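S.K.: Got a sequence here, can you model it:
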Amino acid sequence: MEQEAEGGTSGKRYDATFKTLFRSYPDAWAALLGVRDHQFMVQDTDLSIVSRAGDAGLRVDFDNEDGVEHLEVQASYDPKLVERLILYHGIQRATRGVPAAMTLLLLRPEASGPHLTGKVEETHPRAGDRFLLDYRVMRVYEMDPEPFLAGGLGTLPLAVVARVAEADLPTVIARIEHRLLAEVGPEERKDLWGLIGVLLGLRMSAENAAELLRGVTMLKESSVYQAAYAEGEVSGQHKGRVEGQVETLLALGPLRFGPCPEVVEARLRQMDAAALTRLVSRVSAVESWHELLGA
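M.R.: A predicted model of the protein is given here:
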């Protein structure tokens, strides 16, 4: 997935979510891409040339008789994304001798940009205009949620980041719950709810996501949910408001920005409840501790 704007670290907070979905439900993702008779691979960067180019992200490939279908998921803006696609496409041709169809899955508007047109062309002073690559762009936030709600379990969580008004999210959550209760056992259901909770963090604050999912009885038992939203938000309500808000930030922040520096924690503990509430509401909208505190 995407690289962070600061620190050169990749977006690990969503990598784990999508690796689980890809590995557990490859057929659902193959269906989304229109791939038949596939062999499935989840790949972290293992090619030295790609690593040197700064790509430490998640890539997913489906091999079939037509070649390779390459899927890359983005949650944030990456100005070098097109160059990475060109590089990876060339590596596939050079190392495996097969054509590669490229697909970008953009999870939210912040991941998009005017350069993501589906075609790569360039102008050379001597050679003139040249066509380099075409690729498919799937903007989940512009897509109807119905195919996700009716499709495979692996792509079902995408319904919460599809083109759904926030006021309609409770209905979407209810439909997801109906399917999961009917189709999967308790353990699988807990894990899927945890993954859905992580994705909700792309479009709303941790507080709002926790409130929206509070009625899902199995959610709190999910190890995925506990890792993403942590006990600070759920149990903090039983402690002082300030203490609960600090716990929430110290639980959510490291998942998005990395370890919390001591100076940042000290500053958080000096803030009042109103200031902490504003910070909690902004966790999903910023990309670093510095940006969060500078808001």
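S.K.: secondary structure class for the most far-flung residue of the chain relative to its centre?
M.R.: The C-alpha centroid of the chain is most remote from residue 126, which lies 41.2 Å away (CA atoms, centre = their mean). Classification of residue 126 by DSSP: H, G, I helix; E, B strand; the rest coil places it in coil.
S.K.: any low-confidence regions in the stretch 1-150 of the chain?
M.R.: 1-15, 37-66, 124, 127-129, 131 (pLDDT under 70).
S.K.: same thing but at 90, please
M.R.: Along the stretch 1-150 of the chain, the model assigns pLDDT under 90 to residues 1-27, 29-102, 110-111, 113-115, 119-134.
S.K.: Where do the helices of it begin and end?
M.R.: 12-24, 26-33, 48-52, 81-96, 146-150 (DSSP state H, counting those that start in this stretch).
S.K.: Any chance of CSV for the ones you listed, columns distance to residue 281 and mean neighbour count?
M.R.: C-beta coordinates here come from the backbone N, C-alpha and C atoms, glycine included. Output for the helices of the stretch 1-150 of the chain, formatted as CSV (distance: least, CB to CB, whole Å; neighbours: other CB atoms under 10 Å):
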stretch, distance to residue 281, mean neighbour count
helix 12-24, 18, 19
helix 26-33, 32, 19
helix 48-52, 37, 12
helix 81-96, 28, 17
helix 146-150, 26, 16
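S.K.: Any chance of a markdown table for these, columns distance to residue 188?
M.R.: Shown next, in a markdown table, are the helices of the stretch 1-150 of the chain (distance: least, CB to CB, whole Å):
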| stretch | distance to residue 188 |
| --- | --- |
| helix 12-24 | 8 |
| helix 26-33 | 13 |
| helix 48-52 | 33 |
| helix 81-96 | 32 |
| helix 146-150 | 18 |
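S.K.: closest one to residue 264 among those?
M.R.: Minimum separation from residue 264 across the helices of the stretch 1-150 of the chain (CB to CB) falls at helix 12-24, 17.7 Å.
S.K.: how much space between residue 253 and residue 280?
M.R.: Between residue 253 and residue 280 the distance, using CB to CB, to the nearest Å, works out to 10 Å.
S.K.: er, residue 20 actually
M.R.: As judged by CB to CB, residue 20 and residue 280 stand 26 Å apart.
S.K.: cool, residue 108 as well?
M.R.: For residue 108, the distance to residue 280 - CB to CB - is 19 Å.
S.K.: so which of the helices of the stretch 1-150 of the chain gets nearest residue 199?
M.R.: Taking these one by one with CB to CB, helix 12-24 is closest: 6.8 Å.
S.K.: Over to residue 154. Which of the three states is it?
M.R.: For residue 154, the assignment made with three-state DSSP gives coil.
S.K.: Local confidence estimate at it?
M.R.: If you check residue 154, the pLDDT there is 93.
S.K.: what number of residues lie near it?
M.R.: By the criterion of other CB atoms under 10 Å, residue 154 has 24 neighbours.
S.K.: nearest spatial neighbour of it, skipping sequence neighbours?
M.R.: Once flanking residues are discounted, residue 154 sits nearest to residue 25: 2.5 Å by CB to CB, 6 or more residues apart in numbering.
S.K.: ok, now which ones touch that neighbour?
M.R.: 152, 153, 154, 155 (CB atoms under 8 Å, 6 or more residues apart in numbering).
S.K.: OK, contacts around the closest residue to the first one other than its chain neighbours?
M.R.: This means residue 152. Once flanking residues are discounted, residue 152 sits nearest to residue 28: 2.5 Å by CB to CB, 6+ apart. By CB under 8 Å, 6+ apart, residue 28 lies in contact with 151, 152, 153, 154, 155, 156.
S.K.: can you tell which of the helices of the stretch 1-150 of the chain is closest to residue 136?
M.R.: helix 26-33 (8.5 Å).
S.K.: Quick check: can you list the domain ranges of the protein?
M.R.: As assigned by automatic domain parsing, the chain contains the domains 12-141, 143-231, 239-295.
S.K.: Out of those domains, which one sits most buried?
M.R.: domain 143-231 (a mean of 18; mean count of other CB atoms under 10 Å).
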